[in-house]
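K.L.:
attaching a predicted model along with its sequence, questions to come.
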Amino acid sequence: YNMNITDYHFDAFVENFFVSCELMESEASAVQDAAEVLGHVRKDITSGCTVRLEVARKRVESAGTDGLYEAVGGEDGLKLFMDKLYEHICVDGRIQHYFS
């Protein structure tokens, strides 16, 4: 489904779902039914992200860490990136005080 939802995110959702059911005093049989459905769809929801993460990990593993460095343009590209990042930080009122 290409939702980029990891097992961690799915578990967090399920935990919050059950807490919400408890707070709303949901009927136990309805909560059990939902638990069964969530159990059945977990793999469908998380598998796409897991596969993409594994493909990315293997790509980095085979290319080495130099691949990203070269992809951003080496030293010149990294300097340009840092300059642009700093420009954005200087105008972002939410975080600029951390860099003054």
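P.N.:
Alright, I've got the coordinates. Numbers count the residues shown, from 1 in each chain.
K.L.:
and stretch 34-42, how far out from the chain's middle?
P.N.:
21 Å (CA atoms, centre = their mean, to the nearest Å).
K.L.:
which residues outside it are in contact with it?
P.N.:
For stretch 34-42, contacts defined as CB atoms under 8 Å, 6 or more residues apart in numbering pick out 7, 10, 14, 17-18, 21. To be clear about C-beta, it is placed using only N, CA and C from the backbone, and glycine gets the same treatment.
K.L.:
with neighbour count and pLDDT added, can I get the residues you listed in JSON lines?
P.N.:
Putting the contacts of stretch 34-42 into JSON lines (neighbours: other CB atoms under 10 Å; pLDDT from 0 to 100) gives the following:
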{"residue": "7", "neighbour count": "14", "pLDDT": "87"}
{"residue": "10", "neighbour count": "18", "pLDDT": "91"}
{"residue": "14", "neighbour count": "15", "pLDDT": "94"}
{"residue": "17", "neighbour count": "15", "pLDDT": "94"}
{"residue": "18", "neighbour count": "15", "pLDDT": "94"}
{"residue": "21", "neighbour count": "16", "pLDDT": "93"}
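K.L.:
could I get those residues as CSV with distance to residue 56 and secondary structure?
P.N.:
Output for these, formatted as CSV (distance: CB to CB, whole Å; DSSP: H, G, I helix; E, B strand; the rest coil):
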residue, distance to residue 56, secondary structure
7, 16, helix
10, 19, helix
14, 25, helix
17, 29, helix
18, 32, helix
21, 35, helix
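K.L.:
which of those sits closest to residue 72?
P.N.:
When the contacts of stretch 34-42 are compared for distance to residue 72 (CB to CB), residue 7 wins out at 29.9 Å.
K.L.:
the contacts of stretch 34-42 into CSV, with extra columns for distance to residue 82?
P.N.:
Output for the contacts of stretch 34-42, formatted as CSV (distance: CB to CB, whole Å):
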residue, distance to residue 82
7, 34
10, 35
14, 40
17, 42
18, 44
21, 47
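K.L.:
thank you kindly, that will do.
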